[in-house]
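1. sequence first, then the predicted structure:
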Amino acid sequence: NTLISLKKIAKVYRSQNVETYALKNIDLEVHQGDYICISGPSGGGKSTLLSLLGLLDSPSSGQYFIKGIDTSSLDMDKQAELRNLHIGFIFQSFNLIDELSVFDNVALPLTYREPAMSQSAIDNAVKKALAEVEMGHRAQHKPNQLSGGQQQRIAIARALAGNPSILLVDEPTGNLDSKNGDAVMDLLDALNQKGTTICMVTHDLRYAGRAKTQLKLLDGEIIAYSKARDTASVAE
Ligand code: ADP
Ligand code: ADP
């Protein structure tokens, strides 16, 4: 049930004569159902790792496999196709489009699917995703008619609608008060319990501990990795 496998990944940024290793020697396996929290100080490489996992950027060296497919040999179009198929993104800033209704925001990524989805398949997927975040009654609202917590739930619905293999989540509570932050984290926990694979970056120690796997990055390297025992498989 290996979903993603990173082998000896490095990412180096070069400007003028300066080389910055944002990531070095990263080996990581993500399995279906994992709930990973990436933490560590600013500049540690968290954003870089998340954008590589999301196929938004390519490593300088090493290999990235998703569902057994070696992504390094693929062109940009093929990578975008894999991204659309497998990855759901959730950002701190929601990234909803103000001019579009909630429904159309959630539908938008589905309209880029290859092969194209039928309108009725899109409608069904959007309704199901909005129901999952309990926002079906807001389908015709515009994002700016909703609270921050509600907007983040719409963003989660947008990520879920494509039935992704993994949710990549960047500081999901960064723009929320603690009540709405708690509600969004409760929702992510519930999704993971139902089987959704999650990889999340958060600074918020109140929430980091909820993830089953803790990964700490410092200066581009994994300095700590711990995976809680799966209670379901503890036999003794
Ligand atoms: P974090 O998300 O943990 O704060 P980042 O992944 O953003 O860390 O950055 C890791 C390192 O890579 C930092 O030293 C940062 O300055 C550098 N870096 C990130 N993006 C770029 C870029 N586009 N150009 C040059 N250096 C970058
Ligand atoms: P919740 O805690 O359920 O996320 P709030 O208690 O913050 O929601 O808001 C209650 C209602 O007020 C929401 O259903 C939303 O429609 C409306 N609302 C909240 N914040 C805003 C806002 N910034 N702009 C417009 N409407 C808002």
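-> Sure, I can see it. Residues are numbered from 1 along each chain as shown. Ligands and ions are numbered 1, 2, ... in the order given.
2. test for you: state the pLDDT assigned to the residue nearest to K7 when sequence neighbours are not counted.
-> Counting by CB to CB, 6 or more residues apart in numbering, K7 lies nearest to Q63, which is 4.5 Å off, once chain neighbours are set aside. All C-beta spots, glycine's among them, are computed from the backbone N, C-alpha and C. For Q63, the pLDDT comes out at 97.
3. just to be sure, Q63 is in a strand?
-> Yes - counting by DSSP: H, G, I helix; E, B strand; the rest coil, Q63 is part of a strand.
4. pull the contacting residues for it.
-> S5, L6, K7, K8, I9, D70, S72 (CB atoms under 8 Å, 6 or more residues apart in numbering).
5. distance check, the second one against ligand 1.
-> From L6 over to ligand 1 the distance is 15 Å, taken as CB to the nearest ligand atom, to the nearest Å.
6. so which residue is smack in the middle of this protein?
-> With distances taken as CA atoms, centre = their mean, L168 lies nearest the centre of the chain, 0.8 Å away.
7. can you pull up the bridge partners for that one?
-> Assessed by DSSP bridges, L168 has beta-bridge partners F89, C199.
8. quick one: it and L53 touch, right?
-> Yes - here L168 lies in contact with L53, judged by CB atoms under 8 Å, at a distance of 5.8 Å.
9. is the lowest-mean-pLDDT helix or strand in the chain positioned near ligand 1?
-> None of the helices or strands of the chain scores lower by mean pLDDT, DSSP states H and E than helix 205-208, at a mean of 89. No - contact of helix 205-208 with ligand 1 (CB under 6 Å from any ligand atom) is absent, the minimum separation being 13.8 Å.
10. next SSE after that helix?
-> For helix 205-208, the following helix or strand on the C-terminal side (DSSP states H and E) is strand 213-218.
11. hmm, who's touching that next one?
-> 23, 28, 34-41, 44-46, 49, 208, 222-228.
12. enumerate the residues of the chain near ligand 2.
-> Counting by CB under 6 Å from any ligand atom, the chain sits next to ligand 2 at Q145, L146, S147, G149, Q150, N180.
13. go again with 8 Å.
-> For the chain, the residues in contact with ligand 2 (CB under 8 Å from any ligand atom) are R138, H141, N144, Q145, L146, S147, G148, G149, Q150, K179, N180, A183.
14. against N95, how distant is the fourth one?
-> Pointing back at Q145 there. 17 Å (CB to CB, to the nearest Å).
15. repeat that for the second one.
-> Distance from H141 to N95, counting by CB to CB: 17 Å.
16. how about the residues of this protein by ligand 1?
-> 11, 13, 15, 20-23, 40-51, 201, 217, 219-220.
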